[in-house]
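A.B. asks: Sequence and computational prediction follow.
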Amino acid sequence: MKTMNIKNLAMMLLFLVGLASCEKEMDELFVGESNSYFTIANADKLSAPANVYITNASKFGEAYAWKFEGGDVVVNSKLTGQDTYNDVEPERVYYALPGDYIVKLDVTADGEVKTYTDTVHIQKPQPKIYHNPVGILYGEEIDFYCTVFKYPGEEEKVTYSWNFGDGTPLVTTATTKHVFASPGVYTVTLTVNDGHETLVATKQVLAKKAIVRTLFVTDAKTGKLYKKMLYSDEDDEPYSQLPVNCGLHPLSVNVFNDRIIISDAGNHVKYSAFGTDADGRIFTTNLIGGDEYTITSGADLNGTGNEYINDPFVTTVDENGNLYWLDRFQGVRKMSYLEKGAPYPNILTTPMFASVLAADLGESSTYGWTDGGVKIVDGELWYSKHGTGKGLYKFNLADGKFMSKIAPLYDYKIRSFDVDLENYKIYFVIDATSGGKDVGLYVCDIDGNNVTQIDNFKEGGIDVVLSDEGGASEPTSITSIVVDNKSGYVYYPFRHKLDINGTGVVVGDGSKSGIKRYKLDGTGAAEWYFKGLIPYGVGMDYELR
């Protein structure tokens with residue numbers, strides 16, 4: 001027993017020595033001299049009125065005292081009317097007016113006060129000129145307006161002077177309407193006095209002979225994106241290349257606000273071996289092909305095998321900038337177009353846009369039915385099946401619940417479609433003989449009745465010459481269609497099988513492929529609009545620019 005007690009005592013002494021050693025090491029590691037220091041977020045980009053965010057980088061403080069000259073501390077998202085704060089750091093500080101303001105922090109530790117100061121520079125926003133519509137047509141009235149900083153209580157002191165650079169009299173109202181009498185480039189100058197100083201803003205504008213919509217077209221031959229301005233026949237312009245690498249299979253193109261949104265399905269639009277990784281993505285550029293970034297990528301899911309089935313195929317966008325897209329057969333995904341490098345989302349499941357349910361259709365099973373096209377139509381989401389599937393279906397955009405099938409189209413394998421809401425027509429592609437109809441482009445009434453073939457995709461009336469890439473169960477076919485009531489046509493891409501073969505390899509020069517169109521009034525046959533590109537996705541910028 002004595003021996004055991006001695007051993008236990010020895011062990012306890014060793015433990016206490018070790019503990020003291022650890023505490024000493026902890027003291028040496030964490031205890032240091034206090035200081036006072038903070039940083040100001042976006043210090044070089046603050047414009048009045050401004051919310052300023054402060055990060056306290058001080059060390060070992062026991063108490064903090066802030067002084068924000070000219071500022072108003074915000075607590076729980078509300079202005080306090082106070083310019084002082086006594087905690088680690090404020091939620092934010094509001095500055096109503098431009099100017100230079102001193103921020104002071106006192107940090108107390110061990111009875112000693114250390115002070116740090118810095119200056120917040122709040123810029124005065126410069127006047128900016130805007131006009132509506134964005135595209136200016138000579139001879140038509142344009143609304144001009146501006147943004148101007150106004151000192152609180154001095155709004156009535158602000159004066160305006162517009163000079164439109166075309167010899168017309170000056171205008172002294174905050175907003176105005178103007179007509180440019182002839183085409184040309186004009187420098188619009190706005191002179192503002194805000195009661196404290198005179199500021200000048202200028203904007204160069206182009207008054208055009210015509211303002212138009214733009215068709216964006218992808219090309220498998222060059223891997224680039226092209227644009228085609230939809231001028232009138234007597235003022236036609238060729239297509240031009242943008243500095244955008246579209247990937248191997250850019251199956252759809254959308255335009256929202258000032259962004260182009262492209263869905264690249266990656267290498268594997270055709271069935272691939274189990275374990276194949278995803279490599280597709282949805283990405284965006286501005287309207288001239290710059291400021292490119294990835295919104296989200298199917299490759300985010302790689303790691304467990306067979307993720308290629310998740311790659312984004314075709315995409316649509318609603319009026320709020322929400323993207324909805326399909327993959328191979330699983331259903332609908334959703335994400336804002338404003339996201340950057342966001343994790344790839346899951347399929348929206350019950351009740352949100354579930355893949356078409358057999359019970360709703362009177363089928364024993366719809367498992368594996370291949371996804372086709374997706375569109376936002378008058379506040380609803382329309383979604384088709386093709387290849388191994390069939391039909392066109394409607395979902396409620398608000399809650400994602402299945403609404404109905406378009407009964408007359410139920411037996412057709414529909415690869416892509418678009419809807420003409422002015423003439424109440426649906427344009428759609430059948431990619432495999434079904435419902436008694438051959439492969440081709442069709443039009444019908446918006447309720448699905450009166451189905452009529454527009455283009456049989458044949459050459460000389462003998463053989464279908466559309467590329468057969470993808471195989472019978474998953475035809476790539478025509479992946480996008482756009483209706484444009486302004487020009488009076490429906491446009492669609494056509495890849496000839498002598499330009500791109502069944503495995504998706506470019507084998508021709510593009511001279512047999514391009515964009516085809518058909519008059520919405522039905523007065524002519526389907527025709528070539530232009531050749532020379534091997535297109536997958538096409539999209540329309542419906543804004544007149």
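C.D. replies: Cool, got the structure.
A.B. asks: Count the neighbours of Asn257 for me.
C.D. replies: Neighbour count of Asn257, defined by other Cβ atoms under 10 Å: 12. Glycine gets a C-beta too; all of them are placed from N, C-alpha and C.
A.B. asks: Chain neighbours aside, what residue packs nearest to it?
C.D. replies: Gly321 (7.2 Å; Cβ to Cβ, 6 or more residues apart in numbering).
A.B. asks: The one you found is in contact with Lys334, isn't it?
C.D. replies: No. If you go by Cβ atoms under 8 Å, Gly321 and Lys334 don't touch, sitting 11.2 Å apart.
A.B. asks: Would you map the helices across the stretch 251-400 of the chain?
C.D. replies: Secondary structure of the stretch 251-400 of the chain (DSSP state H, counting those that start in this stretch): helices at 358-361.
A.B. asks: Need the CA coordinates for stretch 182-195. CSV is fine.
C.D. replies: The C-alpha trace of stretch 182-195 is given here as CSV (Å, rounded to 0.1, in the frame of the first residue of the first chain):
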residue,chain,number,x,y,z
SER,A,182,-31.1,62.1,-88.3
PRO,A,183,-28.9,59.0,-87.7
GLY,A,184,-25.4,59.6,-86.2
VAL,A,185,-23.3,59.8,-83.0
TYR,A,186,-24.2,62.5,-80.5
THR,A,187,-22.6,63.6,-77.3
VAL,A,188,-25.3,64.3,-74.7
THR,A,189,-24.1,66.6,-71.9
LEU,A,190,-25.8,67.2,-68.6
THR,A,191,-24.7,70.1,-66.4
VAL,A,192,-26.0,69.9,-62.8
ASN,A,193,-25.6,72.4,-59.9
ASP,A,194,-26.4,70.7,-56.6
GLY,A,195,-26.3,73.9,-54.6
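A.B. asks: distance between the ends of stretch 293-312?
C.D. replies: 16 Å (Cα to Cα, to the nearest Å).
A.B. asks: brain fart, stretch 272-281
C.D. replies: End to end - Cα to Cα - stretch 272-281 spans 18 Å.
A.B. asks: Give me the residues contacting that stretch.
C.D. replies: Outside stretch 272-281, the residues that touch it by Cβ atoms under 8 Å, 6 or more residues apart in numbering are 247, 249, 263-268, 294-302, 305-312.
A.B. asks: Centre of the chain to it, how far?
C.D. replies: 24 Å (Cα atoms, centre = their mean, to the nearest Å).
A.B. asks: Low-confidence ranges, this protein, go.
C.D. replies: 1-32, 231-237 (pLDDT under 70).
A.B. asks: on that earlier part again, more crowded one of Gly321 and Lys334?
C.D. replies: In this view Gly321 and Lys334 are compared by other Cβ under 10 Å, and Lys334 has more residues nearby, 17 against 14.
A.B. asks: what sits against the residue nearest to Asn257?
C.D. replies: Residues near Gly321 by Cβ under 8 Å, 6+ apart: 256-257, 336-338.
A.B. asks: Would you check how far apart it and Phe353 are?
C.D. replies: Gly321 sits 18 Å away from Phe353, going by Cβ to Cβ, to the nearest Å.
A.B. asks: How about Phe395, nearest residue that isn't a chain neighbour?
C.D. replies: Counting by Cβ to Cβ, 6+ apart, the residue nearest Phe395 is Leu381, at 4.4 Å.
A.B. asks: what is the one you found paired to in the beta sheet?
C.D. replies: Ile376, Phe395 (DSSP bridges).
A.B. asks: And it, how close does it get to Leu170?
C.D. replies: Counting by Cβ to Cβ, the gap from Leu381 to Leu170 is 51 Å.
A.B. asks: How about Val134?
C.D. replies: In terms of Cβ to Cβ, Val134 sits 24 Å off from Leu170.
A.B. asks: residues in contact with the most centrally placed residue in the chain?
C.D. replies: Centroid check for the chain by Cα atoms, centre = their mean gives Tyr337 as the closest residue, at 2.6 Å. Tyr337 is in contact with 256, 259, 261, 284, 295, 317, 321-323, counting by Cβ under 8 Å, 6+ apart.
A.B. asks: likewise Pro133?
C.D. replies: Contacts here follow Cβ under 8 Å, 6+ apart; on that basis Pro133 touches 142, 211, 543-544.
A.B. asks: all strands of the stretch 301-450 of the chain, in order?
C.D. replies: Under the criterion DSSP state E, counting those that start in this stretch, strands of the stretch 301-450 of the chain are mapped to 315-317, 322-326, 332-336, 370-377, 380-386, 392-396, 402-405, 414-420, 425-430, 440-445.
A.B. asks: tell me what the shortest one is packed against?
C.D. replies: Using 3 or more Cβ pairs under 8 Å, 6 or more residues apart in numbering; DSSP states H and E as the contact criterion, the secondary-structure elements in contact with strand 315-317 are strand 250-256, strand 259-264, strand 322-326, strand 370-377.
A.B. asks: Nearest to Asp106, out of these?
C.D. replies: strand 259-264 (47.4 Å; Cβ to Cβ).
A.B. asks: from the contacts of Pro133, which two are the most distant?
C.D. replies: Maximum distance among the contacts of Pro133 (Cβ to Cβ): 14.7 Å, for Ile142 and Glu543.
A.B. asks: Good, wrapping up.
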